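Peer 1: A structural model of the following input is requested.
(one chain, ligands or ions: 1)
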Amino acid sequence: MSSVPLTAYRSKMIHNDVIRSAAVLDPVRTTIRPYRATDLRDIYEISVRTAEAGGDARGIYCDDDLMPDLFAGPYLHLEPELAFVLDDGGRAVGYVLGTADTPRFVQAYRRVWIPRLTPKYPAPPPTSTTRDEQAFALHHDPERLLVPELRDYPAHLHINVLPSYQGGGHGRGLIDVFLDALATRGVPALHITPLTVNASALAFYYRYGFHDIPVADPGLTSYLGIRTPSR
Ligand SMILES: CC(C)(COP(=O)(O)OP(=O)(O)OC[C@H]1O[C@@H](n2cnc3c(N)ncnc32)[C@H](O)[C@@H]1OP(=O)(O)O)[C@@H](O)C(=O)NCCC(=O)NCCS
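Peer 2: Numbering: from 1, shown residues only. Below is the predicted model:
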């Protein structure tokens, strides 16, 4: 896939001056392109800087790679062809990544990703109390992603843009590219599971056109879905 120039999605609402200057200062060179293995460290950096319900998670966990190891690394390892980056002309400053098939991803996570990281992230005690233990518990329970009500929305994604690039239409562009890639593969629909406390992300998703998916026991999570564009 070729890069998508920012000009294709530039005329979007801008929230404040910091964001405007980031988007407007470099409007032409910013592109969305497929992930390359050399983007890995940039993606980990973006991930941890936006992992605390959209805010900076650096210094919160035992290892700054913990959140990226849960929410970015496995997708890059298992489905790198479904990862796309926002490139400012020098490095990745945002990304979208995910899976076309959540049940298949869960199986691969258990088979490949857990053994790969288990020395680093041990199985937690039965009742997790610390934030590290809670994160380890997520790592050791990929089956939590298998929610019956999401059956008709097999794909899911994670999207993260560095703060100085937010609000310039890049998130919309990244979702466009991801949905197109799913449609090309014949995937009918996608779900996402943002924390309900992440009001800004929820506003973005609703604005984009996602709808709520009723789920019996949502807990602290919101469940949203969208169909892929028809071909
Ligand atoms: C959520 C995120 C990906 C959105 O990307 P973005 O580049 O900031 O969003 P865009 O500028 O493309 O916004 C697209 C549309 O959503 C709207 N929107 C975005 N954020 C909004 C907000 N907080 N409130 C209201 N509307 C919002 C925009 O106005 C725009 O509308 P328009 O296209 O009709 O003009 C980005 O802010 C981000 O990475 N946040 C931190 C990480 C995160 O929370 N990720 C999601 C975890 S579930």
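Peer 1: quick check: residues of this protein near the ligand?
Peer 2: Residues of the chain that fall close to the ligand, judged by Cβ under 6 Å from any ligand atom: 12-13, 50, 54, 159-161, 166-172, 194, 198, 200-201, 203-204, 207. To be clear about C-beta, it is placed using only N, CA and C from the backbone, and glycine gets the same treatment.
Peer 1: okay, the longest helix along the chain in PDB with CA atoms only?
Peer 2: Ordering each helix of the chain by length in residues (DSSP state H) puts helix 170-184 first. Backbone C-alpha positions of helix 170-184 (Å, rounded to 0.1, in the frame of the first residue of the first chain) are rendered in PDB as follows:
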ATOM      1  CA  HIS A 170      -4.700  11.900  11.900                       C
ATOM      2  CA  GLY A 171      -6.800   9.500  14.000                       C
ATOM      3  CA  ARG A 172      -9.600   9.600  11.400                       C
ATOM      4  CA  GLY A 173      -7.100   8.900   8.700                       C
ATOM      5  CA  LEU A 174      -5.700   5.900  10.500                       C
ATOM      6  CA  ILE A 175      -9.100   4.400  11.100                       C
ATOM      7  CA  ASP A 176     -10.000   4.900   7.400                       C
ATOM      8  CA  VAL A 177      -6.800   3.000   6.400                       C
ATOM      9  CA  PHE A 178      -7.500   0.200   8.900                       C
ATOM     10  CA  LEU A 179     -11.100  -0.200   7.800                       C
ATOM     11  CA  ASP A 180     -10.100  -0.300   4.200                       C
ATOM     12  CA  ALA A 181      -7.500  -3.000   4.900                       C
ATOM     13  CA  LEU A 182     -10.100  -5.100   6.700                       C
ATOM     14  CA  ALA A 183     -12.600  -4.600   3.800                       C
ATOM     15  CA  THR A 184      -9.900  -5.800   1.400                       C
END
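Peer 1: so what's the gap between stretch 107-114 and the chain middle?
Peer 2: Its chain's C-alpha centre and that of stretch 107-114 lie 18 Å apart, by Cα atoms, centre = their mean, to the nearest Å.
Peer 1: buried ones in that stretch?
Peer 2: Along stretch 107-114, the positions that meet the burial threshold by neighbour count (16 or more other Cβ atoms under 10 Å) are 108-109, 113-114.
Peer 1: next one: stretch 190-208
Peer 2: Of all the residues in stretch 190-208, those buried under the rule 16+ other Cβ under 10 Å are 190-194, 198, 201-202, 204-205.
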